[in-house]
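Visitor: Here is a sequence together with a model predicted from it:
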There are 2 protein chains.
Amino acid sequence: MSSNVVSIEDHKSTKAEASAIEEMQSLTKRDMALVNDTITKRMDSPVVMIPELAGHLIASGGKRLRPMLTLASAQLVGYQGDKHIGLATAVEFIHTATLLHDDVVDGSKLRRGKKPANLIWGNQATVLVGDFLFSRAFELMVESDSLRVLGILSNTSAVITEGEVLQLTVASDLSTTEDTYLQVITAKTAVLFAAACEVSGVISDGSKEVTDALHAYGKYLGIAFQLIDDAMDYSAHRSTMGKDVGDDFREGKITLPIILAYRRGSDDERLFWKRTINKLKQRDGDLDQAISLLAKHNTLEDTVERARHYGAMSKDALAIFPDCPAKKSMMDIVDFCITRTF
Amino acid sequence: MSSNVVSIEDHKSTKAEASAIEEMQSLTKRDMALVNDTITKRMDSPVVMIPELAGHLIASGGKRLRPMLTLASAQLVGYQGDKHIGLATAVEFIHTATLLHDDVVDGSKLRRGKKPANLIWGNQATVLVGDFLFSRAFELMVESDSLRVLGILSNTSAVITEGEVLQLTVASDLSTTEDTYLQVITAKTAVLFAAACEVSGVISDGSKEVTDALHAYGKYLGIAFQLIDDAMDYSAHRSTMGKDVGDDFREGKITLPIILAYRRGSDDERLFWKRTINKLKQRDGDLDQAISLLAKHNTLEDTVERARHYGAMSKDALAIFPDCPAKKSMMDIVDFCITRTF
């Protein structure tokens, strides 16, 4: 780890905030056990390489935040059926398929602290198993018997890939605006959070007010989540998560901390960013230098500040719902996502 | 082209058979114009790389056999609505997405006579645009308002990817049985042909007898189609299609001509196959030698013979339908697929 890595100490999670994830886990425990069963069942195939490869990523866990949001949203609106189980599984499969296809894209990252699937099984199998999970997600969605749910989730998938292609298009382009960056993270991250919450409103026959509120809650939470993710890539706490500090830097990925530092920087500093991010000509010490520049211009703190803004909008979206354990948990998870440093 | 390439002269298309594709094109002309419009509209995106990349493959045409089968099937059952247009487009998008993901897998082939997308835009964009088309296919399917159609097509997608992974699993494995080979080509090719036909029966509220017949017709046609494709990879006529003779050989792909030649071969011949296909240690003259061995054991002709068998089953599946131009065209297209040498 770099010696002058900036830790976002001001925003370090308190014990209460860190336990927000446990609070939601406990709230959704029974349903999540059913989701985990469904995940295991539906990723199975007589073609053994499929559960092997999919299981590599899925078994490694992660927080399963997206399916948990589907389950918590179902509780919030008092849903009584069992369709939320399949839909939460579908949401997790779409997310996992995206991660697998990202592995092909990026090639070298640790993923949840593990070697990426493509380095073990090759690009071919990784792409195909992503496709398999994507198809299984659609099968699960069909079982919800709701064309509206299918419409939401199939559109979500299209928008996610548009966002990822847009991200590719602006890769290494330092003239990328904050607005374009917001478009990218909304599409590639926030719309799945939004859909994960909204579908629970749809299956419970919620009013437009209810489904819109769930959509907005998920969308703003997703934007805040990605902003923090992008800040954390340059933060000290990163290495405790099985990810390396500076992954984004090494890829020349254009994230808000860089966009702000480039705009606020001197001519000399811009030459540094052009060499390292645009031309990807990096040498020893460059990551340390990059982190110093982010600190000098306060861009990690400001990125977190932007995240707070979206977090506040996310929480306000829930205002129409009466107080209940699900609402409290969903409010607390917003703070968790912003302050998570693990 | 190799000097002793075997041409499948006995099965060379007559003028009448070659015109079967034109017959079906003319039968479905008006609907196909609508499908082409829908393709153009639905592959569009504000992210310009998407229509560019997707258009590279889609504009290059191909025969659009799969969507034509959806349209012809709709005529066969007297369907009066317009849902077959969107579904035919969805079928073509699923097919194109599969081709794009195959490009990432294989890397080096000419595709419809053009450079594969991944060599122009990179693996990353190619995977993502495949995902985009796949998502757009599901959006189109949702618009059919039929959960049964959605069930059929989402299951089809899952089976296709299972087939492709299975193919990967048995890659270069000379002990692969004809049975496993049939499983692979049924999954990766025939189920999409089957679904392309069956969905027209479903949207027209056809009886189980009708939808089963359309499914069987498409499935057996698809098996025959893939058998011929695999034979043609070693055939002289291949090079007129913008594909190279021997692509499968160079990849060590296990197809029926090889499976049969390996089983029927002498010990020396098996050593040859092990070196070239299993170990992929190939040198000049090996492709000629392979083609000689296929000729010696008559395996291309026998592969075509197997295709005839499935072609006959395909045509028999249509027997329950009264004679009409659509039925005639669908029967003729079976002969075309078997005798196509272009």
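Guide: Noted; the coordinates are in hand. Keep in mind that this is a model prediction, so the values were computed, not measured.

Visitor: Pull up the residues of the stretch 51-200 of chain A that are close to chain B.
Guide: Contact residues, the stretch 51-200 of chain A versus chain B (C-beta under 8 Å from any C-beta of the partner chain): A:101, A:104-105, A:123-125, A:127-129, A:131-132, A:134-136, A:138-139, A:141-142, A:145, A:147, A:150-151, A:154-155, A:157-158, A:160-162, A:164-166, A:168-169. Glycine gets a C-beta too; all of them are placed from N, C-alpha and C.

Visitor: what's near enough to touch A:G246?
Guide: A:2, A:233-234, A:287, A:290-291 (C-beta atoms under 8 Å, 6 or more residues apart in numbering or on different chains).

Visitor: Name the residues of the host helix or strand of A:L271 that come out as buried.
Guide: Here A:L271, judged by DSSP states H and E, is contained in helix A:267-273. Neighbour-count burial for helix A:267-273, counted by 16 or more other C-beta atoms under 10 Å in any protein chain shown, picks out A:269-270, A:272-273.

Visitor: Between those, which sits nearest chain B?
Guide: A:W273 (22.4 Å; C-beta to the nearest C-beta).

Visitor: which pair in the contacts of A:G246 spans the largest distance?
Guide: Of all pairs drawn from the contacts of A:G246, the greatest distance, 12.2 Å, lies between A:S2 and A:D233 (C-beta to C-beta).

Visitor: Find the residues that touch each one of these two.
Guide: Common neighbours of A:S2 and A:D233 (C-beta under 8 Å, 6+ apart) are A:245-246.

Visitor: Those two - which one has more neighbours?
Guide: Per other C-beta atoms under 10 Å in any protein chain shown, whichever of A:S2 and A:D233 has more neighbours is A:D233, with 22 against 17.

Visitor: Flag the shaky bits of chain A, pLDDT-wise.
Guide: For chain A, the stretches with pLDDT under 70 are A:1-18, A:60-61, A:105-114, A:236-243, A:341-342.

Visitor: Nearest residue to the middle of it?
Guide: By C-alpha atoms, centre = their mean, the mean C-alpha position of chain A lies nearest to A:T189, the distance being 5.2 Å.

Visitor: What distance do you get for the residue nearest to it when sequence neighbours are not counted to A:D248?
Guide: Spatial nearest neighbour of A:T189, excluding adjacent residues (C-beta to C-beta, 6 or more residues apart in numbering or on different chains): A:Q226 at 4.2 Å. Look at A:Q226 and A:D248: by C-beta to C-beta, to the nearest Å, they are 12 Å apart.

Visitor: One more: A:T299?
Guide: On the measure of C-beta to C-beta, A:T299 and A:D248 end up 13 Å apart.

Visitor: hey, what's in contact with both of those two?
Guide: Both A:T299 and A:D248 are contacted by A:I258, under the criterion C-beta under 8 Å, 6+ apart.

Visitor: Looking at these two, which is more packed in?
Guide: A:T299 (25 against 21).

Visitor: and that one, what does it touch?
Guide: A:256-258, A:260-261, A:264 are the contacts of A:T299 under C-beta under 8 Å, 6+ apart.

Visitor: if we can go back for a sec, and the residue nearest to the centre of chain A, that's in a helix?
Guide: Yes: applying DSSP: H, G, I helix; E, B strand; the rest coil, one finds A:T189 inside a helix.

Visitor: List the residues that contact it.
Guide: Taking C-beta under 8 Å, 6+ apart, one finds A:163, A:222-223, A:225-226 in contact with A:T189.

Visitor: and those residues, which of them are in helices?
Guide: Residues of the contacts of A:T189 located in helices (DSSP state H): A:163, A:222-223, A:225-226.

Visitor: List the buried residues for stretch A:170-182?
Guide: Buried-residue list, stretch A:170-182, by 16+ other C-beta under 10 Å: A:170-171, A:174, A:176, A:180-182.

Visitor: wait, which of those residues is closest to chain B?
Guide: Nearest to chain B among those, counting by C-beta to the nearest C-beta, is A:A171 at 8.9 Å.

Visitor: For the host helix or strand of A:D288, which helices and strands make contact with it?
Guide: A:D288 belongs to helix A:286-296 when assigned by DSSP H and E. On a contact count with 3 or more C-beta pairs under 8 Å, 6 or more residues apart in numbering or on different chains; DSSP states H and E, helix A:286-296 meets helix A:247-251, helix A:256-264, helix A:267-273.

Visitor: hmm, the shortest one touching chain B?
Guide: Same thing as helix A:247-251. No: using C-beta under 8 Å from any C-beta, helix A:247-251 stays clear of chain B, with a minimum separation of 11.1 Å.

Visitor: can I assume A:F193 is in contact with A:L69?
Guide: Yes: at 6.6 Å, A:F193 and A:L69 qualify as touching, with contact defined as C-beta atoms under 8 Å.

Visitor: between those two, what contacts are shared?
Guide: Shared contacts of A:F193 and A:L69, defined by C-beta under 8 Å, 6+ apart, comprise A:218, A:221.

Visitor: what about A:I94, distance to B:F138?
Guide: Distance, A:I94 to B:F138, by C-beta to C-beta: 11 Å.

Visitor: which residues are common contacts for these two?
Guide: With contacts defined as C-beta under 8 Å, 6+ apart, the residues shared by A:I94 and B:F138 are A:S157.

Visitor: Looking at those two, which is more packed in?
Guide: B:F138 (29 against 26).

Visitor: Count the neighbours of A:I320 for me.
Guide: By other C-beta under 10 Å, 11 other residues sit near A:I320.

Visitor: ok, and what's touching stretch A:142-156?
Guide: Under C-beta under 8 Å, 6+ apart, the answer for stretch A:142-156 is A:83, A:86-87, A:90-91, A:94, A:137-138, A:141, A:191-192, A:194-195, A:198-199, A:202-203, B:135, B:138-139, B:141-142, B:145, B:147, B:150-151, B:154.

Visitor: That should have said stretch A:46-53, apologies.
Guide: A:43-45, A:100, A:117, A:120-121, A:125-126, A:129, A:132, B:162, B:165-166, B:168-169.

Visitor: Can I have the buried ones of those as a ChimeraX selection?
Guide: Buried residues within the contacts of stretch A:46-53, by 16+ other C-beta under 10 Å, are selected in ChimeraX with:
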select /A:43,45,100,117,121,125,126,129,132 /B:162,165,166,168,169
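
Visitor: which one among the contacts of stretch A:46-53 gets closest to B:A216?
Guide: B:E162 (20.3 Å).

Visitor: How about the contacts made by that closest one?
Guide: A:45-47, A:50, A:132, B:187.

Visitor: Let's see which of the residues you listed end up in helices.
Guide: Per DSSP H, the contacts of B:E162 map to helices at A:50, A:132.

Visitor: JSON lines please, covering the contacts of B:E162 and showing distance to A:V77.
Guide: Converted to JSON lines, those look like this (distance: C-beta to C-beta, whole Å):
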{"residue": "A:S45", "distance to A:V77": "34"}
{"residue": "A:P46", "distance to A:V77": "38"}
{"residue": "A:V47", "distance to A:V77": "38"}
{"residue": "A:I50", "distance to A:V77": "35"}
{"residue": "A:F132", "distance to A:V77": "32"}
{"residue": "B:A187", "distance to A:V77": "40"}
